[in-house]
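> quick one, structure for this:
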Amino acid sequence: RVGVVTGANKGIGFCIAEELLKTCHMVLIGCRDDKRGMAARLKLGNKVRSLRLDVDDSASIETFAKNVELFYGRVDVLVNNAGIAYRPNDPTPFDEQCAKTLRTNFYGTVAVTEALLPLSGSRKAHGFSPFSRGSCDLWSLQVSNLREFPLVERDRELISRRGLEEWTLSLTHFIAQLTR
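Reported below is the predicted structural model:
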């Protein structure tokens, strides 16, 4: 089995890569920073390879997917851990924070998954298990193209509504804190 973990040079992603080593013969860690990626690879051992991946950069995603296909031929487990989070006191305007966070954490994750899905073991009856940070969902797909997955095609508006619901809940919680 070949596992891929994005954002795996430190923190949760590093720990996930470490755990995947128990069930995968190769774990590929996607990292924006080559030095940090190599340092993580050295700590994790010889069943790990670090490949450059910036989920905000379509060329980086395309190169990553091509390298995975060229050198490993397939992906059996994908853990989308790469993401950003602004610190509470960050002076960046809220709308800019939201745009950057959505671009990285949502659209970047979708782009990586779409790029790697054709390499899924499902074509070879291995299954494919993508997992996204924060979703707590682990699911298997038996499709050759993410666009065939009915939820993505049918419910694009649902994604924005769900985001708005979460933001509204956060705002309500914040206002409740202020009025105490």
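> from here on, contacts and neighbour counts on C-alpha atoms
Fine.
> so what's R1 up against?
R1 is in contact with T23, C24, H25, M26, V75, D76, V77, counting by Cα atoms under 8 Å, 6 or more residues apart in numbering.
> is it possible to mark the buried ones in the residues you listed?
Among these, those scoring as buried are C24, M26, V75, D76, V77 (criterion: 16 or more other Cα atoms under 10 Å).
> among those, which lie within helices?
The members of those all map outside helices under DSSP state H.
> which regions of this structure sit below the pLDDT cut-off?
121-161, 164 (pLDDT under 70).
> could you measure from the residue nearest the centre of the chain over to L53?
For the chain, the residue sitting closest to the mean C-alpha position, by Cα atoms, centre = their mean, is N80 at 2.0 Å. From N80 across to L53, the span is 12 Å (Cα to Cα, to the nearest Å).
> what does A8 give?
The value you get for A8 to L53, if Cα to Cα is used, is 10 Å.
> common neighbours of these two, please.
Common neighbours of A8 and L53 (Cα under 8 Å, 6+ apart) are G30, C31.
> what about stretch 89-108, distance to the chain center?
Relative to the chain's own centre, stretch 89-108 is displaced by 16 Å; criterion: Cα atoms, centre = their mean, to the nearest Å.
> end to end, how far does it reach?
The first and final residues of stretch 89-108 sit 25 Å from each other (Cα to Cα).
> contacts made by stretch 94-103 with the rest, please.
By Cα under 8 Å, 6+ apart, the residues outside stretch 94-103 that reach it are D56, G83, I84, A85, Y86.
> can you report how many residues lie near the fourth one?
To tie it back to what came earlier, the one meant is A85. By other Cα atoms under 10 Å, the residues close to A85 number 11.
> quick one: the helices in this protein, in order.
11-20, 34-44, 58-72, 94-101, 109-116, 150-154, 156-178.
> a markdown table please, covering those and showing mean neighbour count and distance to R1.
Shown next, in a markdown table, are the helices of the chain (neighbours: other Cα atoms under 10 Å; distance: least, Cα to Cα, whole Å):
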| stretch | mean neighbour count | distance to R1 |
| --- | --- | --- |
| helix 11-20 | 18 | 10 |
| helix 34-44 | 17 | 17 |
| helix 58-72 | 16 | 10 |
| helix 94-101 | 13 | 31 |
| helix 109-116 | 21 | 15 |
| helix 150-154 | 11 | 27 |
| helix 156-178 | 11 | 31 |
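> with distance to V4 added, can I get those in TSV?
Formatted as TSV, these follow (distance: least, Cα to Cα, whole Å):
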stretch	distance to V4
helix 11-20	8
helix 34-44	13
helix 58-72	9
helix 94-101	22
helix 109-116	9
helix 150-154	22
helix 156-178	25
